[in-house]
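>>> Return a 3D structure for these sequence lines:
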Amino acid sequence: MDLKKIIKNMFFKQYLNYLMKRRDNLYFYDKNEFRIKLLEAEKQLHANYDCNFKIVEQRNDIEPVVSVITPTYNSAQFLDELRQSLENQEIADKVQWIVVNDCSTDNTENVFHEFSRKTKLKSFKFISLDRNLGTSNALNIAADNSDSNILAWVSADDAYCDSKKLSTDLKMIENGYDCIFSRYVTQGPNLTNSIKIDVIHNKKFDSRDDKKLDLFFMYKNLIAGNIFNGSSSVFKKDLFFRVGGFDTNLGIFDQDGDLWEKFLILNSKIGLSQTCSFSRIHPNQNSRRRYEMTIFTNLVRVRMIKLIFDMNLNEHISYFEDEIQKDLAGSLFSYLISTNFFVKNSDILRKNPKIEYFMNFVKNVFEEDNIALLERISDEFVETKNFQTFLKNIQ
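Here you go, the predicted model:
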């Protein structure tokens, strides 16, 4: 009898049961509500995302080296802080700011007009949509109307707190990177009341900022945990369009995780700069809609895992086979259903006794019919316009 193994498995089971009792640690806990939200997600898949837009204010006094794209919906109160952070950039005279108003009901239009009179930026476009269709759609329209080869995404409620953020990232892209995130982020209700965080939390990667980060590290921290601030991202526009841009059928949920997954599958060079960005925490954030966030996160990941198997991407498969066994009750626990799908399709993982308990646990908690429903809907998500564009560029 292997006493150490018995003790380890006992603690593993206790840990999972503990998480189930701690409802705050799960994104959902009502199986019927979960099914209802899944069916609503399926309707969103087939929704019409066409809309009309108009440029309500613009200035084009320069040829920009980077276009900062910002979607906004009822976030007028935060835009001035973001504007100031862009004007404080070391290369502010080469920055284009494109803001897309996603049919807000606040005073965003008035803010646009005020900015056009007082901003120091030499290039900007303020665009208004005639329908509210979500972050993904607004970002794609911003990208389509950009005038530089580099895009930087900053949400309306976030900002840069480092004046060299854009100049530093652009130098890294000039040196061969495809996408850059800030290594440091300050989080809080505002810039003066925030806490600075090193997003890596792993000293062995301290010296790797000038190299391509390890694929396993990127999957665990960019996909499984998504620890990097999307509003600190700076990336090549041609890469963005090659992967189909943001998937509009995801609306406002996990469009960033979906984009980073596609970047990784295309073997893009992703790096971290020694810069800092601000991520605002407030009660109206989309990430606080926990049912929807978890459902779309799992849809995105199941879709990605199926693609990895279908295309026999062995390097990516080996990550999951290694990391799920080592970290099953850790950061991957948040994505129970997508992990469950991968385990079911991996001969190596199925032979692990710890995995067997996990599989039974997931089935008991979420019911097999709900898991099957999510997998069926993920198949439909392969047919979205954005994902089909991505598939054409990897085949």
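
>>> all strands of the stretch 51-200 of the chain, in order?
Taking DSSP state E, counting those that start in this stretch as the criterion, the stretch 51-200 of the chain contains strands spanning 53-60, 66-72, 95-101, 123-129, 150-153, 159-160, 179-190, 193-198.

>>> what's the closest of the ones you listed to residue 338?
strand 179-190 (22.4 Å; CB to CB). Glycine gets a C-beta too; all of them are placed from N, C-alpha and C.

>>> Against which helices or strands is the closest one packed?
Helices and strands touching strand 179-190, by 3 or more CB pairs under 8 Å, 6 or more residues apart in numbering; DSSP states H and E, are helix 165-174, strand 193-198, strand 234-236, strand 270-280.

>>> Could you list the buried residues of the last one?
Of the residues in strand 270-280, those with enough neighbours to count as buried (16 or more other CB atoms under 10 Å) are 270, 271, 272, 273, 275, 276, 277, 278, 279, 280.

>>> Then the second one?
Neighbour counts over strand 193-198 (16+ other CB under 10 Å) mark 194, 197 as buried.

>>> Now do that strand against strand 270-280: the angle between them, please.
Relative orientation of strand 193-198 versus strand 270-280 (axes from the mean of the first three to the mean of the last three CA atoms, to 10 degrees): 170 degrees.

>>> tell me what strand 193-198 is packed against?
Where contact means 3+ CB pairs under 8 Å, 6+ apart, strand 193-198 is packed against strand 179-190.

>>> returning to what we had before: rank the helices and strands packed on strand 179-190 by pLDDT, which is bottom?
Ranked by mean pLDDT, the helices and strands packed on strand 179-190 end with strand 193-198 at the bottom, a mean of 82.

>>> now it, how far from the centre of its chain.
For strand 193-198, the distance from its own C-alpha centre to the chain's C-alpha centre is 20 Å (CA atoms, centre = their mean, to the nearest Å).

>>> got it, and stretch 265-277?
Relative to its chain's centre, stretch 265-277 lies at 13 Å (CA atoms, centre = their mean).

>>> I'd like the numbering to begin with 21 instead of 1 from here.
Sure, I'll start counting at 21 from here, so that last one is stretch 285-297.

>>> list the contacts for residue 357?
Listed by CB atoms under 8 Å, 6 or more residues apart in numbering, the contact partners of residue 357 are 318, 322, 382, 386, 391, 394.

>>> Domain ranges for this protein, per the record?
23-66+309-412, 73-308 (automatic domain parsing).

>>> any idea which of those domains is most buried?
Highest mean neighbour count among these (mean count of other CB atoms under 10 Å): domain 73-308, with a mean of 19.

>>> Between the domains of the chain, which has the poorest mean confidence score?
Minimum mean pLDDT among the domains of the chain: domain 23-66+309-412, a mean of 75.

>>> Provide the backbone phi and psi angles at the residue nearest to the spatial centre of the chain.
The structure's the chain has its C-alpha centroid closest to residue 276; by CA atoms, centre = their mean the separation is 2.3 Å. Here is the backbone geometry of residue 276 (degrees, to the nearest 10): phi -70, psi -50.

>>> Distance check, it against residue 196.
23 Å (CB to CB, to the nearest Å).

>>> cool, and residue 375?
Using CB to CB, we find residue 375 at a distance of 39 Å from residue 196.

>>> Please apply the same query to residue 98.
From residue 98 across to residue 196, the span is 34 Å (CB to CB).

>>> Equivalent analysis for residue 319, please.
From residue 319 over to residue 196 the distance is 33 Å, taken as CB to CB.

>>> How about residue 285?
From residue 285 over to residue 196 (counting by CB to CB), the distance is 19 Å.

>>> got it, and residue 413?
Going from residue 413 to residue 196 by CB to CB gives 20 Å.

>>> How about residue 160?
26 Å.

>>> go on, residue 247?
According to CB to CB, residue 247 and residue 196 sit 23 Å apart.

>>> Ok, residue 344 next?
Distance of residue 344 to residue 196, computed by CB to CB: 31 Å.

>>> Residue 202 now?
In this view, residue 202 and residue 196 are 19 Å apart by CB to CB.

>>> so what pLDDT did residue 72 get?
pLDDT, residue 72: 94.

>>> show me what contacts residue 161?
73, 120, 147, 149.

>>> check contacts around the second one.
Just to be clear, that refers to residue 120. So residue 120 contacts 73, 89, 90, 91, 92, 147, 148, 149, 158, 159, 161, 162 (CB under 8 Å, 6+ apart).
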